Each structure stands twice: as C-alpha cells, then as structure tokens.
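Undergrad: Make a model of this:
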Amino acid sequence: MGLFSDLRILYHMAVRPVGGKDHASRMENFYGGQAGDYDSFRKRLLKGRQELWNHLGVCDGGTWIDMGGGTGSNLEYFGEDISRLKQIYVVDLAGSLLEMAEKRAANHGWSNVSVVEADAAKYVPPENQVDVITFSYSLTMIPDWFAAVEHAVTLLKPGGRIGVVDFYVSRKHPAENHTKHGWLTRSFWPVWFASDNVFPSPDHVPFLYKNFEPVLFEEHKTRIPWFPVPFFKMPYYLFIGKKNARVG
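TA: Purely as a prediction, here's the structure:
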C-alpha cells in the first residue's frame, strides 16, 4: 500500500463531498473512486473481522449472508473451509465494490458464492431463511440499521447466528459490565465519521442484545490510520448472537 493510494483514500474519506439522491447512489459515489485501494487500507482500519469469523465458525452445508459485504474480502477469512458452506451471498449497494467481489470469487474458484446488489434491510435469498448473517462494519453505514437488524431476525433460522463487528460509542450510562466511554469519545467520533455517512451509534449494542441471545461480546479500541492524535483511539465491538429457537 503506497503513499499515493493512502492519500487517495483519505481524500475520499475526509475531503471529497459525498453526493447522491439516495443511499445507493451515495454509496457508489463514495466508493467508486477508491474501490481498487479499498481492501488494503481497510485492513489497517477495520479491526476484529478475522476474530469475528473465527468465533462464528463454519456451519457445514449452511447458508451465510454477508450484509454490506463489499469486495468480498471477508470471505478470505474462511480459508479452505469456505467449501464446507452450501451457499454464501455477498450483499451490497455499491456496484463498484461488488465488481471486485465477483472478480475475487472467480479468481478463487468459489462456485458457492453469489454477489447481489440489494438493500440489507430488504434482501431475501431464494432459501428464505439462512444459518448465519454478518454485518462487518456495515451497520454504521445503513441509514435504517434498526430495520436491517430486525430483517436479519426474520431471515435467520431458529438457532441461527448473527455476527457484527463495527465502530460504536457507548451510551452515557451503559449496561452493567459494558465499557463507558468519556464525553469526548462519545461526542467527537460520531461527528468525525458523519462526513462519510458513517454513524457510530450508542444504540447498536443494546438493540442487538434486545433481539438476540448473546453468545459473544467484546469491546476494543483501534488507532485510525493517519489520524493526527495517535493515542485517541476509536472504539469497536464484536457481537455474536443466537436467534431464539421459539422465534419464527
């Protein structure tokens, strides 16, 4: 990853205005000029994805949807185990990123991977219900993320799992045993990310706990590449939840 590529990414993230009449066009406007450099930069920015995939494990013969899966780079975390899954859907609204996903699937020979341009809050696969749904740094970019989570509940089979890794900030008064962020963290990061239509929310974690039986929850912080204050880090979380078997 060279300096020029980093500068191009930073220009799109911090300088270039994001335009578009709807969410899909804004996504394409934001990612269209940086799709080729996307994976290398995000690997340093978006931590916890490999850990999430490791904890979720692979369900033999199962069906998995990666909502907001972009370039399909998450699928490489499966390694050779990807062949154990019956079907994987990479769902996103950014066509330029999905083109990269199609090329990646073809290069790896992944015959069980389908790339779908669709809304994460509305997409229904041919199977109707699936075993696993993941949101890897995508909930913060979905305007109606509440609807996306509720839709995931309906798509998952009883006992199915959701896996989420994303940026967030805590509530002023978080639940017991959850991290409490200071005023500066809770105030600064949502404003800093909002220019890119990324919205770290204090409500992600409580809403996931409300809709799923928690299996794993971890809270961490990461340094933002090129951020001028290196000790001021961005919080992120990992959540794995199970759909209640009594929920249809």
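Undergrad: For the residue most central in space within the chain, give its distance to Leu75.
TA: Geometric centre of the chain, nearest residue: Ser136, 2.0 Å, by CA atoms, centre = their mean. Ser136 sits 11 Å away from Leu75, going by CB to CB, to the nearest Å. The way it works is simple: take the backbone N, C-alpha and C, and place the C-beta from them, glycine included.
Undergrad: and for the two, which residues touch both?
TA: Common neighbours of Ser136 and Leu75, counting by CB atoms under 8 Å, 6 or more residues apart in numbering, are Asp66, Gly69.
Undergrad: quick revisit: so the residue nearest to the centre of the chain sits right up against Thr71, yeah?
TA: No. Distance between Ser136 and Thr71: 11.2 Å, which falls outside the contact criterion (CB atoms under 8 Å).
Undergrad: list the contacts for the residue lying closest to Gln50 once chain neighbours are set aside?
TA: Nearest residue to Gln50, sequence neighbours excluded (CB to CB, 6 or more residues apart in numbering): Tyr77, at 5.2 Å. Counting by CB under 8 Å, 6+ apart, Tyr77 touches Arg49, Gln50, Trp53, Asn54.
Undergrad: Put together a markdown table for those, with distance to Met67 on each row.
TA: Below are these laid out as a markdown table (distance: CB to CB, whole Å):
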| residue | distance to Met67 |
| --- | --- |
| Arg49 | 14 |
| Gln50 | 18 |
| Trp53 | 14 |
| Asn54 | 19 |
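Undergrad: Show me what the longest strand along the chain pairs with in its sheet, parallel or antiparallel.
TA: The residue-count maximum for a strand in the chain (DSSP state E) belongs to strand 156-167. Strand 156-167 has the following strand partners under DSSP bridges: strand 130-136 (parallel), strand 234-242 (antiparallel).
Undergrad: mind listing the strands for this structure?
TA: Assignment of strands within the chain using DSSP E yields the ranges 63-67, 87-92, 113-117, 130-136, 156-167, 213-222, 234-242.
Undergrad: just these: most buried one?
TA: The highest average neighbour count among those, using mean count of other CB atoms under 10 Å, belongs to strand 63-67 at a mean of 26.
Undergrad: mean confidence score for that one?
TA: For strand 63-67, the mean per-residue pLDDT is 98.
Undergrad: So what are the sheet partners of it and their directions?
TA: By DSSP bridges, strand 63-67 pairs with strand 87-92 (parallel), strand 130-136 (parallel).
Undergrad: Go through those strands and name the closest to Asn197.
TA: Asn197 lies closest, by CB to CB, to one member of the strands paired with strand 63-67: strand 87-92, at 14.4 Å.
Undergrad: now that closest one: how far from the chain's centre is it?
TA: Offset of strand 87-92 from its chain centre (CA atoms, centre = their mean, to the nearest Å): 13 Å.
Undergrad: May I have the beta-bridge partners of the nearest residue to Gly48 once chain neighbours are set aside?
TA: In space, Gly48 comes closest to Val165 once its chain neighbours are excluded; the distance is 4.4 Å by CB to CB, 6+ apart. Using DSSP bridges, the bridge partners assigned to Val165 are Ser136, Leu238.
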